[in-house]
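# Build me a structure from this.
(one chain, ligands or ions: 1)
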Amino acid sequence: MNLLILGPQGAGKGTQAVLLASRLGIPHISTGDIFRSNLKVGTKLGKKAQKYMDVGELVPDSITREMVAERLTEADAQRGFLLDGFPRTMVQATWLKDELANTHRILDRVLLLTAPDEQLVSRMLARGRSDDTPEAISRRLDIYRANTQPLLDFYGDLVSVVDGVGAIDEVQHRLLSQLGPV
Ligand code: AMP
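Numbering: from 1, shown residues only. You can find the predicted model right below:
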């Protein structure tokens, strides 16, 4: 199954995505995680991405796309994937559509995890990541609204909206129930 999970940071997307991917036996591909692991070991890619990540800006597409394209060609991604944190813009979404078409794949479903703003901000402050300063948080929410919401129109009927408020198991159950028998 080829899936996307969308939603603002702080909606519990990362936690839910890891659980869901393992349940479905498909790789969880998070662009934020890939950037962070590159940063940690000091790769060229990590160094290029750092200045954008530090201030909550999007890393340029030229860098991000190549990374996603490579990851999607790996063997484990041939049986399906759960993309998390990509696409974040219409440009990325149209690129992904072409990239998947070129490799004879389509998206099966787009999951949108939602939560009220107060909860998003307090969850982000609580996890204490180095890029979770109040300024970077508010910048990321602005960017999310401006860039990511139009993706919902683009994906149309493929989108399932899931309430992210509640216990981890409860939310996971809601996500799974959108996928039908798996
Ligand atoms: P995340 O873990 O998804 O919150 O991502 C952390 C940071 O990585 C973001 O604030 C961006 O700087 C960068 N990033 C992650 N995914 C993307 C993407 N699809 N396009 C551009 N930048 C991204």
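# hey, let's count contacts and neighbours off CA atoms from now on
Will do.
# Spell out which parts of this protein neighbour the ligand.
9, 31-33, 52-53, 56-59, 64, 85-88 (C-alpha under 6 Å from any ligand atom).
# Go through those residues and flag which are in helices.
Among these, DSSP state H puts 31-33, 52-53, 64 in helices.
# Can you pick out the most distant pair from those residues?
Taking C-alpha to C-alpha as the measure, those span a maximum distance of 14.4 Å, between Asp33 and Tyr52.
# phi, psi of Ala11?
Dihedral angles of Ala11 (phi, psi; degrees, to the nearest 10) stand at phi -80, psi 0.
# and the gap between it and the ligand?
Ala11 is 11 Å from the ligand, where distance means C-alpha to the nearest ligand atom, to the nearest Å.
# ok, that residue - contacts?
By C-alpha atoms under 8 Å, 6 or more residues apart in numbering, Ala11 lies in contact with 113-115, 119-120, 123, 164-165.
# could you flag which of those residues are buried?
Those of those that meet the buried threshold are 113-115, 120, 123, 164, by 16 or more other C-alpha atoms under 10 Å.
# Which of those fall in helices?
By the criterion of DSSP H, membership of the buried ones among the contacts of Ala11 in helices covers 120, 123.
# and the buried ones among the contacts of Ala11, which two are the farthest apart?
Leu113 and Arg123 (14.2 Å).
# Tell me if I am right that Leu83 is in a strand.
Yes - using DSSP: H, G, I helix; E, B strand; the rest coil, the assignment for Leu83 is a strand.
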